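In: need a 3D model of the sequence below.
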Amino acid sequence: MSRILLGVTGGIAAYKAAALCSALVQRGDEVEVVMTEGAQHFIGAATFAALTHRPVHGSLWETPETIPHIALARWAEVIAIVPATANVVAKLALGIADDLLGNIALAARVPLVVAPAMNGAMYEHPATQDHLRTLEARGVTLVEPGVGFLAEREAGIGRLAEQDAIVAALDAVVSRTQDLAGERVLITAGPTRETIDPVRFLSNASTGTMGIELAREALARGAEVDLVLGPTLVEPPAGARLARVTSAQEMRDAVMARAVDADIAVACAAVADWRPAHRFSNKVKKDDAPAEIELERTPDILAELGAAKNGTFLVGFAAETDDGEANARAKLERKNLDAIALNDVSPAGTGFGTGESEIVLLLRGGGREALGRGPKRELARRMWDVVLRARAGNP
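Out: Model (predicted):
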């Protein structure tokens, strides 16, 4: 049984939301319904009130003393917007909160399932597609519309997805919110900086986005998350126990202090392999700069974790440009990992500082799962699915 907030918006498919609501109630879910003003032109609130035996919500001002958008956002375990019009999709993507449903969507910290339904030309418009990609990148679950007979007496894409597909999406989202409950997860993310002088350092182009999305997804699945984060401007997820570090040595110390309690550790950080053997206390002037800078190796954090693990499921990352699988597989064995995420950074538009990545997860024992190319938020979701199956012995 789940607590589902059902948002109904102003499209002809709103009548199908009543059948969905009935099915959810009959199987034992608790359902609160929020209707937009447009939805009420297509179906009456009394229909949903009769199905749920609960009042239907439609205004920010219905009970101002309870702050309804906050109360409902905190009550829900999952939010489903069925149907979602082009207008509502745009407002969700842009963070516009000009009604009760929009405010709930901004205030909620639970999974969001969106089932678009609209005219095919509106669905295929570049603006709508951009908004849908934005929502997907944020981790919203989209239930794609089908092709069929539309209200305009024509066939095309835009027909609301079948009820079974929407229910399956809701169940998948709810199950993910529970599969890391009670687990301690340690994640490293971002680059490190190795100081040359007070204004110069050695580093790399990592933004930490992939590790941050892995942390965000782990939190959504119920885990307690320790996030050891190198220098980055990307905002970490609320709820993680955050340790900000700068150098590889600082990251090593923070990681080893937390690793003993971790059930799963994911080493996603792009740790510098070398640091200057000598650091200047003052800025080195151009004319005084040495012709060469002597380097020394930084601590191998992943190897140290692999040597010391005691029941921890250990996942590493390998950013590669050539011979990727061979190099990653060798790293998995050499550092005693349970899995390694091969991140091919050679294709245009993937890798450090981009919105997408392409990942293959290699498993101890020879298993291989291609997660494909996509937004890092979606790849984080796919990766946790595979990691949990592998840890359970079901790769």
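
In: I'd assumed Arg109 was in a strand, is it?
Out: No: under DSSP: H, G, I helix; E, B strand; the rest coil, Arg109 sits outside any strand and is assigned coil.

In: what comes up buried for the biggest helix by length in the chain?
Out: In the chain, assigned by DSSP state H, the helix with the most residues is helix 376-391. Within helix 376-391, the residues that count as buried by 16 or more other CB atoms under 10 Å are 376-388, 390-391. Any C-beta I mention is one placed from the backbone N, CA and C, and that applies to glycine too.

In: next one: stretch 205-216
Out: Applying a neighbour-count criterion of 16+ other CB under 10 Å, one finds 206-216 buried in stretch 205-216.

In: could you export those residues as CSV, including pLDDT, secondary structure and distance to Arg159?
Out: CSV is the format used below for the buried residues of stretch 205-216 (pLDDT from 0 to 100; DSSP: H, G, I helix; E, B strand; the rest coil; distance: CB to CB, whole Å):
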residue, pLDDT, secondary structure, distance to Arg159
Ser206, 91, coil, 42
Thr207, 92, coil, 39
Gly208, 93, coil, 40
Thr209, 92, helix, 35
Met210, 93, helix, 35
Gly211, 95, helix, 39
Ile212, 94, helix, 36
Glu213, 91, helix, 32
Leu214, 94, helix, 35
Ala215, 93, helix, 37
Arg216, 87, helix, 32
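
In: show me where pLDDT drops low in the chain?
Out: Scanning the chain with the threshold set as pLDDT under 70 gives 148-153, 155-156, 347-355, 394-395.

In: how is it divided into domains?
Out: 3-176, 184-391 (automatic domain parsing).

In: and Leu72, that one's in a strand?
Out: No: using three-state DSSP, the secondary structure at Leu72 is helix, not a strand.

In: which strand or helix spans the closest residue in space to it that isn't next to it in sequence?
Out: Leaving aside its sequence neighbours, Leu72 sits nearest to Ile104 (CB to CB, 6 or more residues apart in numbering; 5.4 Å). Assigned by DSSP states H and E, Ile104 falls within helix 100-107.

In: ok and the helix or strand that that helix is followed by relative to helix 100-107, angle-wise?
Out: Once the chain leaves helix 100-107, the next helix or strand it forms, by DSSP H and E, is strand 112-116. Counting by axes from the mean of the first three to the mean of the last three CA atoms, to 10 degrees, strand 112-116 points 140 degrees away from the direction of helix 100-107.

In: from the buried residues of helix 376-391, which single one is nearest Ala318?
Out: Ranked by distance to Ala318 (CB to CB), those are led by Met383 at 13.6 Å.

In: isn't that closest one right next to Glu213, touching?
Out: No: look at Met383 against Glu213 with CB atoms under 8 Å: they stay out of range, at 9.2 Å.

In: list the beta-bridge partners for His57.
Out: Beta bridges link His57 to Val34, judged by DSSP bridges.

In: can you report how many residues lie near it?
Out: 23 (other CB atoms under 10 Å).

In: same thing with Phe201?
Out: Phe201 has 19 neighbours, counted by other CB under 10 Å.

In: show me the residues around it that make contact.
Out: Contacts for Phe201 were tallied using CB atoms under 8 Å, 6 or more residues apart in numbering; they are 193-195.
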